[in-house]
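S.K.: Coordinates only, no sequence provided:
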RNA sequence: GCCGAAGUGGCGUAAUUGGUAAACGCGCUGCGUUCAGGACGCAGUGAGGGCAACCUCGUAAGGGUUCAACUCCCUUCUUCGGCACCA
């Protein structure tokens, strides 16, 4: 009796497979191709835990099955190795991230290889390999060429702990996705990728692909496409009014004309009667004494400040008894100065009187540290304050002020019910339209809103707030005069940052209108409202009323008509924003751009790629938020590729989404030195081959660049279904437009797997100490057992809690398979089992029928289950068959088919048994002596290169079936009958049945329901 | 708040899509084999009642549709995901 020694068997076959390269995909083979893909792992320092391999095993089952079905399968792997954990580790230890990455991926590789996954290791890639990121940089240059990569000053989400800028999508509830620190806003020059240019296609083409519904939903939610209209509202009280007589007011004034006139007199008076301290300081500051020009008692907004240097926007204030009134409003005053871009230094009277030298020194020092400020021309002194922090792309800006405010709405049909307008506090026209009476309230409100963090602002529990601007607009539908408000419930990142308030038909507007007592006007009567039902606000469609000539029209139809009537513009708006593509970090792909003093920004010539990441001593990001690369002067200082003059390299690097946005393309041609991947290979691997298993029956070979297709099946984690997928779809479509890839979409089919959780149903993590290392499991139970268990433990797409206790079941199953092998392998004579029992021996041929039947049912069920990723029930079906084979006599041919069904799940033991039973000319002993036993069947090959068994439909049919007999829906008996027996036959049999007879005795039979081959229900 | 998925033995879960609820596995109980052990074998294992054949109840709770409901509909509760003022 041969013992099952998993260690020996698994090691042996892994070596043989590798040596023979049986899992290598063949480029341009005449066989139909199949491309199955998993998300390539990030090789972390913790090594693999048992959760990692679940998707690899799942797709391995798919890939192995496809090979047996005759496909040339590409199932590749690589390392997504740029990223923060490695960089943080480098910062902590001072080790080169390259060394750390190598070490980590070596561990991952060893661990993954020990599981017998059929990856094509000859195509292994690594995003941190210059040979790889050369092409990441190359693709970036194509974006740059087409104007889709650009630099913009942006308010970015800044994580003070990780010291990097975060993309919007990396901010979760106002906190950094990875470390949980509250995110700050900072203004920075950033590289951007114009993903918004592809928003519509990214949205619409989802119809073409086979993704799980929730994945499509995630994509759609992120892009958020709204069809609506842009409508202009005329403002009838634009402010400030320009002064009537030019020249009356000096050009350096810093308030609107109305305030200027009011305050001018007072300022003159104050200038004439300074305090002692003011007089003393003015002696030091006046007349460009320190190369800076100061003004005294100057009007700014609605305040008079003591001294101001307008070229540096610095205000000097001396606190004395003079300004009691203003002192009370200090907070408001400072806020307003801040928003206007002024810095304020305050001194006490005594300081000036007693130590004037130190006061002057401090002022000069401050002045030196400040940048030159632009003296604003008349009438524009308050404008544009918010523009620099504008998060929208230029095309989405509100435009120059021409007396109109543009709003975006999806409900133009409700415009007759618009009773006010609301601007977001960030709207660039806020100051232009605000009347001077309201100016200080508005600035106050805007300042407060800006100081709220995103979370506070989005907090829905809180009451909406707002402030009236003093201005009015004309509703273009009915020419009514409606007030214009500012409120931070209007988002600064969507639409035109201005909305029309329709309280009767929008819940948010309703809330706001109620609070500020704004009129509520019903213009739609709901068609789906029940008779007599009324709601304070109604958001559905219906019939228009109070809408002039549109009264009685259906709201859907009215939308277009009204847009025409009021001169609006149909418009599709997206939530999706352009992608912030720079990181001020070391461990990423350098952005291949050079800044020349003369020529400006110059792309690195393609022949100079890759721009290799230089080695540095210190990986710490700088506090100023610049990349550690800025300090590597040798690397930074280069000659301009155009003029040869002095130039500097870009020091920003790419985010870690970059390398993973196109890696699946590289697998098609991983060693190509001339292109990111050759067109022939891409076409072979990405477009559907003419094969029977093809989807949608599209078998025609289409010319390059016109194909549907992509990776056949891509499985990955739920956490990546939105962003990674969106980004790589964007890159792919861009490359498609350049005719560099043959298909419009990168992935034809996308599924996701559930996580394996540690004890207590929580994520496995080092800090919780609940990590299970697959090495230990493989050592004790074997890779096959681990694989079977991971497939068996629960539905593949659901999270499951790991239980080492339960693995034993999978191991027992594997051993049972082994035991049956021993039985089958020998001539049909009584064979002593371990434990002394004797296998039931049947005359050859007899009873084999039952096993055969079950086998064919199993072939069908397992084949179907694998396609639907129901691996758990596939395994349980195999267990049922094994139990039956263990009990009965089994023919060699049937056992072989069973092994083939099991092979995708347990590749080692099946290969071993396959090799043992299929070379009968060699005794087991003889085989063992061979260093490298012959692969597979006599004259054949490995079980993994054999042919997937087919089921015989005739054998699946049962000749005799059990039929349940119910009385009034309760099962009272079970009868055996010929399959396909008529209802009459069954009825006769049922009525003869003892217990049935008992129940129907003396009762009237009202109805008999018969479900063929299943049950009969007798109603009495 | 909105949307989605789910809730079944002590545990992981299954159920031909409206047709015998609990397959398969873990655990547990008994017996067997063994000097012993269990990663062995056999049998049992939803709850309650009965010596038994059998009977009653049972898929989060309640109600409904149906000859028949884990499955469909309504209400409520719980859990987990996603979105979260996107006009």
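M.R.: Looks like it arrived, so ask away. Note that the structure is predicted; figures quoted are calculated from it, not measured.
S.K.: who touches residue A:59 in this structure?
M.R.: The contact partners of residue A:59, by Cβ atoms under 8 Å, 6 or more residues apart in numbering, come to A:36, A:37, A:38, A:75, A:713, A:715. Where C-beta positions appear, they are placed from N, C-alpha and C, glycine not excepted.
S.K.: quick one: which of these is nearest RNA strand B?
M.R.: For the contacts of residue A:59, the closest approach to RNA strand B (Cβ to the nearest atom of the strand) belongs to residue A:715, at 16.6 Å.
S.K.: Isn't the closest one up against residue A:57?
M.R.: No: with contact defined as Cβ atoms under 8 Å, residue A:715 does not reach residue A:57; the gap is 10.7 Å.
S.K.: and these two? which has more neighbours close in?
M.R.: Taking neighbours as other Cβ atoms under 10 Å, residue A:715 and residue A:57 compare with residue A:57 leading, 26 against 23.
S.K.: Pretty sure that one sits in a helix.
M.R.: Yes: assigned with DSSP: H, G, I helix; E, B strand; the rest coil, residue A:57 falls within a helix.
S.K.: hang on, isn't it packed against residue A:117?
M.R.: Yes: taking Cβ under 8 Å as the definition, residue A:57 is a contact partner of residue A:117 at 6.9 Å.
S.K.: related to what we said a few turns ago, can you narrow the contacts of residue A:59 to ones near RNA strand B?
M.R.: Contacts with RNA strand B are made by none of these, judged by Cβ under 7 Å from any atom of the strand.
S.K.: Wondering if the helix or strand hosting residue A:862 reaches RNA strand B at all.
M.R.: If you go by DSSP states H and E, residue A:862 is part of helix A:848-867. No: Helix A:848-867 lies apart from RNA strand B when judged by Cβ under 7 Å from any atom of the strand; the minimum separation is 8.5 Å.
S.K.: Check which helices and strands that helix sits against.
M.R.: Here helix A:848-867 touches helix A:53-68, helix A:871-887, helix A:892-902, helix A:953-956, going by 3 or more Cβ pairs under 8 Å, 6 or more residues apart in numbering; DSSP states H and E.
S.K.: Recalculate using a threshold of 6 Å.
M.R.: Judged by 3 or more Cβ pairs under 6 Å, 6 or more residues apart in numbering; DSSP states H and E, the packing partners of helix A:848-867 are helix A:871-887, helix A:892-902, helix A:953-956.
S.K.: Can you give me the buried ones in it?
M.R.: Buried positions in helix A:848-867, judged by neighbour count with 16 or more other Cβ atoms under 10 Å: A:848, A:851-863, A:865-866.
S.K.: and which of the residues you listed is nearest residue A:672?
M.R.: residue A:866 (33.2 Å; Cβ to Cβ).
S.K.: In contact with the closest one, which residues are there?
M.R.: Shown in contact with residue A:866 (Cβ atoms under 6 Å, 6 or more residues apart in numbering): A:65, A:874.
S.K.: Relative to RNA strand B, how far out is it?
M.R.: Using Cβ to the nearest atom of the strand, to the nearest Å, residue A:866 is found at 14 Å from RNA strand B.
S.K.: Same check on residue A:61?
M.R.: From residue A:61 across to RNA strand B, the span is 16 Å (Cβ to the nearest atom of the strand).
S.K.: Neighbours of that residue, how many?
M.R.: Residues near residue A:61, counting by other Cβ under 10 Å: 25.
S.K.: before we move on, what about the one 5 residues further on?
M.R.: As a burial measure, the neighbour count of residue A:66 was computed by other Cβ under 10 Å and equals 25.
S.K.: Quick check: chain neighbours aside, which residue is closest to it?
M.R.: Leaving aside its chain neighbours, residue A:66 sits nearest to residue A:34 (4.4 Å; criterion: Cβ to Cβ, 6 or more residues apart in numbering).
S.K.: Give me the mean pLDDT for the helix or strand containing that neighbour.
M.R.: Residue A:34 is located in strand A:33-38, with elements delineated by DSSP H and E. Per-residue pLDDT values over strand A:33-38 give a mean of 96.
S.K.: Quickly run through the sheet partners of that strand, with directions.
M.R.: According to DSSP bridges, strand A:33-38 forms sheet pairs with strand A:72-74 (parallel), strand A:713-717 (parallel).
S.K.: lowest-confidence stretch among those strands?
M.R.: strand A:713-717 (a mean of 94).
S.K.: Just want the angle from the helix or strand just after it to strand A:713-717.
M.R.: Next helix or strand after strand A:713-717 toward the C-terminus (DSSP H and E): helix A:723-737. Angle of helix A:723-737 versus strand A:713-717, following axes from the mean of the first three to the mean of the last three Cα atoms, to 10 degrees, is 150 degrees.
S.K.: Which parts of the stretch 1-150 of chain A are helices?
M.R.: Using DSSP state H, counting those that start in this stretch, the helices found in the stretch 1-150 of chain A span residues A:6-20, A:53-68, A:84-93, A:97-113, A:130-145.
S.K.: and what of the stretch 901-1020 of chain A?
M.R.: So, for the stretch 901-1020 of chain A - with DSSP H, counting those that start in this stretch - the helices run A:907-917, A:924-929, A:953-956, A:983-992, A:994-1000.
S.K.: Check whether residue A:503 really touches residue A:520, as I assumed.
M.R.: Yes: in this structure, residue A:503 is within contact of residue A:520 by Cβ atoms under 6 Å, at 4.3 Å.
S.K.: between those two, what contacts are shared?
M.R.: residue A:513.
S.K.: Counting neighbours around each, name which of the two comes out higher.
M.R.: residue A:503 (24 against 18).
S.K.: Next, give phi and psi for that one.
M.R.: Taking degrees, to the nearest 10, you get phi -60, psi -30 for the backbone angles of residue A:503.
S.K.: Next, the distance between the ends of stretch A:714-724.
M.R.: 12 Å (Cα to Cα, to the nearest Å).
S.K.: now swap in stretch A:1009-1018 and tell me
M.R.: Across stretch A:1009-1018, the terminal residues are separated by 7 Å (Cα to Cα).
S.K.: Any idea which residue is closest to the centre of chain A?
M.R.: Nearest to the mean C-alpha position of chain A, counting by Cα atoms, centre = their mean, stands residue A:723 at 2.2 Å.
S.K.: Flag every residue of the stretch 851-1000 of chain A that's near RNA strand B.
M.R.: A:870, A:872-873, A:875-876, A:879-880, A:883, A:886-887, A:962-964, A:966, A:968-972, A:974, A:995.
S.K.: change it to 6 Å
M.R.: By Cβ under 6 Å from any atom of the strand, the residues of the stretch 851-1000 of chain A that approach RNA strand B are A:872-873, A:876, A:879-880, A:883, A:962, A:964, A:968-969, A:971-972, A:974.
S.K.: Make a PyMOL selection of the buried ones in those.
M.R.: Of those, the buried ones go into a single PyMOL selection, burial set by 16+ other Cβ under 10 Å:
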select buried, chain A and resi 872+879+972
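S.K.: Make a markdown table out of the residues of the stretch 851-1000 of chain A next to RNA strand B and add pLDDT.
M.R.: As requested, those are arranged in a markdown table below (pLDDT from 0 to 100):
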| residue | pLDDT |
| --- | --- |
| A:872 | 95 |
| A:873 | 95 |
| A:876 | 95 |
| A:879 | 95 |
| A:880 | 94 |
| A:883 | 92 |
| A:962 | 83 |
| A:964 | 87 |
| A:968 | 82 |
| A:969 | 83 |
| A:971 | 84 |
| A:972 | 84 |
| A:974 | 82 |
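S.K.: With distance to residue A:219 added, can I get the residues of the stretch 851-1000 of chain A next to RNA strand B in JSON lines?
M.R.: Formatted as JSON lines, these follow (distance: Cβ to Cβ, whole Å):
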{"residue": "A:872", "distance to residue A:219": "28"}
{"residue": "A:873", "distance to residue A:219": "30"}
{"residue": "A:876", "distance to residue A:219": "34"}
{"residue": "A:879", "distance to residue A:219": "38"}
{"residue": "A:880", "distance to residue A:219": "40"}
{"residue": "A:883", "distance to residue A:219": "44"}
{"residue": "A:962", "distance to residue A:219": "48"}
{"residue": "A:964", "distance to residue A:219": "47"}
{"residue": "A:968", "distance to residue A:219": "51"}
{"residue": "A:969", "distance to residue A:219": "46"}
{"residue": "A:971", "distance to residue A:219": "48"}
{"residue": "A:972", "distance to residue A:219": "53"}
{"residue": "A:974", "distance to residue A:219": "51"}
